[in-house]
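> Output the structure for:
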Amino acid sequence: MKKFKAGLFGLGVVGSGVYKALQQNGKYGISIEKIAVKNIDKKRDLELPNGILTTAAVEILDNTDLDIIIELINDPEEAFSIVKKAFKKGKSVVSANKKMVALYHKEILELREKHGVKFFYEGAVCGSVPILRLLDQHYKSDQVNSIKAIANGTCNFILSKMVSENQGYDLALKDAQDLGFAELDPYSDVSGEDTRFKLSIMIYHAFGLFIHPNEIPLQGINYLDENIKDFAQKHHLKIKLIGEAQEVNGKITAKVEPQLVNESHDFYNIENEYNGILVDAVFAGEQFVKGKGAGSFPTALAVLSNLKDLKYDLAVAKIAKKEIKSYSKNSKTEIYFIAGFNDNFNFQGLEVLNKEEGYILAKGQFDYLEELKKGNPDLYWVQLSENIFEELVNQEALI
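Below is the predicted model of the structure:
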């Protein structure tokens, strides 16, 4: 069987994992011939052949001996430029850049078809969990009703430390940074933006609809305080940042927000850097998968899996000629734990169910809470199901 030659862009955490795996295991039949980096002189924990590193992208893109391009850099704009140029050269691409894919999803897949190449990006979503593969293959003959996901290991790690180990948000974030789960600037993770990118990608594979991430309502975990931590601990609940999308009568709704879950929920025991995805479909019913969503080798595994897809010429899903579903803003009224408001906070527009020092439980709509936040920048909300609320009432846990 032919041995494939690849060019690699980026030698960070994931890129190093991919390179090490290919060097240590010849079963993949793929060799990395050239690696493009920003700084050749940077110290790296890798043994690299002389001359394999370059700062010139053209040394890879114009190399006619290379069969595959592996794109693993951070900058979405630069990554998109690399992908477009690779396609024009007739080269197939494997990427793990969720921001690039989410922002340019439809355009990338259209260019892929135009140039007759392949583009795989399993590593862009949930690390070692093969959710895109499952949606494309396992659920291809089914109809997905909804998808819910803990899709950011950094947030899940922080929330685990806060509730299970009684840490404050700032200390939990520092631990995540010290262990390499969070960047020095953690905004994309803790704001929920990263989860939103991944949800946007999953929506296409689950429902066949391209939705720009900016259209998905968002509430992160960066405003959480002692009020919600104490509430969760008192009632034996856990806080999880969940991205979810569902279809009702051909309309797709989506959102990203922290939610309270109890021990009967599949997400309850998803801790630290692990991800979990719950898919509900017409024939299969509910199915749940979990795995490590962060780190060098979990994400590298997804990239390696896609490299094998290319090597064995696995087919890719075609873009639907016409989108038969449409996106609708989520206007559902739900129960929320709401805190972070000031003394002059106006509760009008919310159905207050319970009021305590520092927080309320109330029925409201996500978009209304977004409006309230404009005048109350520290305002935050955490959704809890009617079942959990009713249990608390029945247990007389609420005054």
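
> Now for residue 65: which residues touch it?
Going by Cβ atoms under 8 Å, 6 or more residues apart in numbering, residue 65 touches 5, 33. All C-beta spots, glycine's among them, are computed from the backbone N, C-alpha and C.

> Which of the helices or strands spans it?
For residue 65, there is no host helix or strand (DSSP states H and E).

> Likewise for residue 44?
Short version, using DSSP H and E: residue 44 is in no helix or strand.

> ok, it to residue 359 distance?
48 Å (Cβ to Cβ, to the nearest Å).

> And those two? Which one has more around it.
A count of neighbours by other Cβ atoms under 10 Å puts residue 359 above the other of residue 44 and residue 359, at 22 against 15.

> That one and residue 345 touch, don't they?
No: contact criterion Cβ atoms under 8 Å: residue 359 and residue 345 do not qualify, at 11.0 Å.

> Tell me who's in contact with residue 134.
By Cβ under 8 Å, 6+ apart, the contact set of residue 134 is 279, 289.

> again, but for the one 10 residues further on
Residues touching residue 144, when contacts are defined by Cβ under 8 Å, 6+ apart, comprise 135, 206, 207, 247, 279, 280, 281.

> The fifth one reaches residue 147, doesn't it?
Yes: taking contact to mean Cβ under 8 Å, the distance of 5.2 Å between residue 279 and residue 147 places them in contact.

> list the residues that contact both of these two?
Listed contacts common to residue 279 and residue 147 are 135, 206; contacts here mean Cβ under 8 Å, 6+ apart.

> hey, where'd the strands end up in the stretch 101-250 of the chain?
119-120, 144-150, 238-248 (DSSP state E, counting those that start in this stretch).

> can you redo those strands as JSON lines with distance to residue 354 and mean pLDDT?
Rendered in JSON lines, the data for the strands of the stretch 101-250 of the chain read as follows (distance: least, Cβ to Cβ, whole Å; pLDDT from 0 to 100):
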{"stretch": "strand 119-120", "distance to residue 354": "49", "mean pLDDT": "96"}
{"stretch": "strand 144-150", "distance to residue 354": "26", "mean pLDDT": "97"}
{"stretch": "strand 238-248", "distance to residue 354": "18", "mean pLDDT": "96"}
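
> got those as JSON lines, with distance to residue 16 columns?
Listed next are those as JSON lines, based on distance: least, Cβ to Cβ, whole Å:
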{"stretch": "strand 119-120", "distance to residue 16": "20"}
{"stretch": "strand 144-150", "distance to residue 16": "26"}
{"stretch": "strand 238-248", "distance to residue 16": "28"}
